[in-house]
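How does the following fold in three dimensions:
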Amino acid sequence: MPDNVHPFPTPEPTTLGADLRRARERAGLTLADLAHRIKVRPGILSSLEADAHDRLPAMTYALGFVKAYARTVGLDPNEAAERFRRESRREEPAPSILAVEPIAPRRLPGRRLVVATTAGVLSVIGVLLALGLFERPFPEPPAGPSLARPPAAAPTLSTAAPAPGNAFGSSAANTDGAVKLVARDDVWIRVQEGPRGERLFEGTLVKGQALDIPPGRPWLLRAGRAGALQVLIGDEMLPPLGGDGDVLAAQSLLPSDLRARAAPRGGLAEGPPAP
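Here you go, the predicted model:
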């Protein structure tokens, strides 16, 4: 070979890390730029470029970083991942198999021991229960009938006006009948049990509409216009509970309380004279 002829240089083999670095530089990206784009710490990217595989996380995560790096700088991510597998000296950890050793029969407790232990525990619990030193596992059911009050039935609204011939406080009235509120004119009312109890009805009674009050409960009446309501106890028609401009705040609807409110005061006549 003549002295002035040099052999054709053989290209040196390159690693994946070097190719990734050159591709990044061609793309005009710094390590910080690339780390911000693919959300990977710059130290991991630097280890990839330096082929420092021992400083990288587990193989599964490292392959994900390689693919993201290659995709961002314009390389084939799958080819880059395959090169990383070939060049890396690490392997995927093989799943460990847990060796299960059967228990020798002589190490199992005997049947007599199990029965004796169970009987002993039950005996101790029985003694503690008898002495009152141990709570019963389940509460005893309450003796006698339940005292819980059932909810009130749905309010009964009807269209019924009082008979015009009935006199206030008539002796022929059914004094043990249920209470009924009849609207002589449109009026807003609220009927509830006690100050904060269950509400039976709240709304406007239209003229001529009637509301039946379930007996046996301490119902209270609130009304915007007392004079717009007519109160009946069975067939007995009571006088109005107030004038048209009066407000009822908490009027008891027990028959005795209604009659007490309607009783004449200050010498007022009890009603029309008997014929």
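
Touching, residue 88 and residue 55? I think so.
No: between residue 88 and residue 55 there is no contact under CB atoms under 8 Å: 11.9 Å. Bear in mind the C-beta positions are built from the backbone N, C-alpha and C, glycine included.

So which of these two has more stuff around it?
For residue 88 versus residue 55, neighbours defined as other CB atoms under 10 Å are more numerous around residue 88 (17 against 11).

Please give me every residue in contact with the more buried one.
With contact set as CB atoms under 8 Å, 6 or more residues apart in numbering, residue 88 has these partners: 53, 59, 62.

Scan those and report the most crowded one.
Using other CB under 10 Å as the neighbour criterion, residue 62 leads the contacts of residue 88 with 20 neighbours.

just the strands in the chain please.
Applying DSSP state E to the chain gives strands spanning 156-159, 179-183, 187-193, 199-205, 209-213, 219-223, 229-233, 236-237, 248-252.

Can you get me a residue count around the closest residue to residue 50 other than its chain neighbours?
Leaving aside its chain neighbours, residue 50 sits nearest to residue 17 (5.8 Å; criterion: CB to CB, 6 or more residues apart in numbering). Using other CB under 10 Å, residue 17 has 22 neighbouring residues.

Residue 17 is in contact with residue 45, isn't it?
No: under the criterion of CB under 8 Å, residue 17 makes no contact with residue 45, lying 9.9 Å away.

roughly how far apart are the spatially closest residue to residue 67 that is not a sequence neighbour and residue 65?
The shortest distance from residue 67 to any non-neighbouring residue, by CB to CB, 6+ apart, is to residue 77 (3.8 Å). If you measure residue 77 against residue 65 using CB to CB, to the nearest Å, the figure is 11 Å.

So for these two, which sits in the more crowded spot?
Using other CB under 10 Å, the more surrounded residue of residue 77 and residue 65 is residue 65, with 20 against 16.

and that one, what is it in contact with?
Contacts here follow CB under 8 Å, 6+ apart; on that basis residue 65 touches 38, 40, 44, 45, 48, 56.

what about the first one, how many neighbours?
Residues near residue 38, counting by other CB under 10 Å, number 16.

Spit out the contact partners of it.
By CB under 8 Å, 6+ apart, residue 38 lies in contact with 65, 68, 69, 72.

so where is the protein shaky, pLDDT-wise?
For the chain, residues meeting the criterion pLDDT under 70 lie at 1-13, 90-109, 130-157, 159-176, 263-275.

Do I have it right that residue 225 meets residue 187?
Yes: contact criterion CB under 8 Å: residue 225 and residue 187 qualify, at 5.0 Å.

Stretch 227-241: which residues count as buried?
227, 228, 229, 230, 231, 232, 233, 236, 237, 238, 240, 241 (16 or more other CB atoms under 10 Å).
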